[in-house]
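Peer 1: Model the following, please.
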Amino acid sequence: MQVSPRAARPPPCTGASLGQETPQSVVIRRQDRPAGGVSQPLGGSPGHFPGMLPVNPGQFGLGMGSSGPTIQHSMHGFRMPSMTAKGPWPNRASIPNLLTMLRAAMAMAFFILLEFYRFPSTGVTIANIAIGFFILAAVTDALDGHLARKWDVTSSFGRIMDPLCDKILVLGSFIYLAGPRFAVPEQALDSAPFEMTTGVTTWMVVIIFARELFVTTVRAVAEGSGIAFGAKNLGKLKMVFQSIAVPVILALAVNLPATEYAWSGWTCTVIAWLTVAVTLISGAPYLKGLSAVNADPIHTDPRP
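Peer 2: Residues are numbered from 1 along each chain as shown. As a prediction, this is how the structure comes out:
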């Protein structure tokens, strides 16, 4: 009996004959690859499926995610994978550092805007915009550290740049508050018992600057000697107090000048004194750290 060619034709190649789960998707992940780095789940040459042309993941826009490239094959053909961590948006590990650099940029904008103000009434609107920049910069200071700890993405860059940007913002602000733009004119001194409408004087700036310089030096020497020396709770409280004091003093000095509202001048003066007191108290724990550095047997005196 003659067998017709049609009857002798082999059955069509299906997903089941290839060892696939049909119609379920086949997922090839990094952990399934052999040591050579290329997956061969179905036999044949690397990256080749029997009965199909070699597949180039890049041809379908398949990226390298945290679990490797994902190729999905079903009855409806290839489908694009979901967005991975390394998509077009920045990796979240870099977001805290980006916020830190954004704070530095906003600090520069804050200083530039204050250049257009002069007591009592020149550039009031611009000065109020500057206050907004300071508040935003202070918010990023709280946010970048919180995100870095929450996501466990702390870095050496953040440990260096975060306190540096804080000092630029705070010290620069107090330098401006004690500057000539907020000085009470001589002709108005008789009616107002304030030389500075902000209540901030140069000696206060010197004390704040000296405290920051002392703490920075102690931390640098301690960490250089292998002694862990993170920020103290009082130091964080000091930063919060300063971040509140600066915009409050600015808002009162700009919008309610001491020459017209004596209570505004007294309020600014009290806040300035409290800021100096909190700044000095917050430096006390670092004296203990200095003692620990001196007691370290491997520590050497850096002086010539």
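Peer 1: which residues of the stretch 101-250 of the chain score low on pLDDT?
Peer 2: Scanning the stretch 101-250 of the chain for pLDDT under 70 picks out the ranges 187-193, 226-232.
Peer 1: where exactly do the helices run in it?
Peer 2: 124-150, 156-177, 202-224, 233-255 (DSSP state H, counting those that start in this stretch).
Peer 1: Distance to L113 and mean neighbour count added to these, as CSV?
Peer 2: (C-beta placed from N, C-alpha, C; glycine too.) Shown next, in CSV, are these (distance: least, CB to CB, whole Å; neighbours: other CB atoms under 10 Å):
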stretch, distance to L113, mean neighbour count
helix 124-150, 4, 17
helix 156-177, 10, 19
helix 202-224, 20, 16
helix 233-255, 11, 19
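Peer 1: mind putting those in a markdown table, distance to P185 included?
Peer 2: Shown next, in a markdown table, are those (distance: least, CB to CB, whole Å):
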| stretch | distance to P185 |
| --- | --- |
| helix 124-150 | 16 |
| helix 156-177 | 17 |
| helix 202-224 | 18 |
| helix 233-255 | 14 |
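Peer 1: now for these, which one comes closest to S264?
Peer 2: helix 233-255 (4.7 Å; CB to CB).
Peer 1: still on that earlier bit, nearest to W273, of the helices of the stretch 101-250 of the chain?
Peer 2: helix 202-224 (8.0 Å).
Peer 1: Next, the angle helix 156-177 makes with that closest one.
Peer 2: Going by axes from the mean of the first three to the mean of the last three CA atoms, to 10 degrees, helix 202-224 is angled at 170 degrees with respect to helix 156-177.
Peer 1: counting contacts, what elements does helix 202-224 pack onto?
Peer 2: Counting contacts by 3 or more CB pairs under 8 Å, 6 or more residues apart in numbering; DSSP states H and E, helix 202-224 is packed against helix 156-177, helix 262-282, helix 284-295.
Peer 1: now for the first one, which elements pack on it?
Peer 2: Judged by 3+ CB pairs under 8 Å, 6+ apart, the packing partners of helix 156-177 are helix 95-114, helix 124-150, helix 202-224, helix 233-255.
Peer 1: what's S173 in contact with, if anything?
Peer 2: F110, F134, V246 (CB atoms under 8 Å, 6 or more residues apart in numbering).
Peer 1: typo on my end, V248
Peer 2: I271.
Peer 1: Look up how far M196 lies from it.
Peer 2: As judged by CB to CB, to the nearest Å, V248 and M196 stand 15 Å apart.
Peer 1: Next: W263.
Peer 2: Distance, W263 to M196, using CB to CB: 16 Å.
Peer 1: Name the residue in these two with the higher neighbour count.
Peer 2: M196 (23 against 10; other CB atoms under 10 Å).
Peer 1: Kindly provide the distance from that one to T125.
Peer 2: 22 Å.
Peer 1: got it, and P247?
Peer 2: 16 Å.
Peer 1: One more: A284?
Peer 2: 41 Å.
Peer 1: ok, back up a step: dump the contacts of S173 to a markdown table, plus distance to F182.
Peer 2: Shown next, in a markdown table, are these (distance: CB to CB, whole Å):
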| residue | distance to F182 |
| --- | --- |
| F110 | 15 |
| F134 | 15 |
| V246 | 12 |
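Peer 1: tell me which of these is nearest to R118?
Peer 2: Nearest member of the contacts of S173 to R118, counting by CB to CB, is F110, at 16.3 Å.
Peer 1: quick one, what contacts the nearest residue to the closest one once chain neighbours are set aside?
Peer 2: Once flanking residues are discounted, F110 sits nearest to F133: 4.4 Å by CB to CB, 6 or more residues apart in numbering. For F133, the contact set (CB under 8 Å, 6+ apart) comprises M106, A107, A109, F110, L113.
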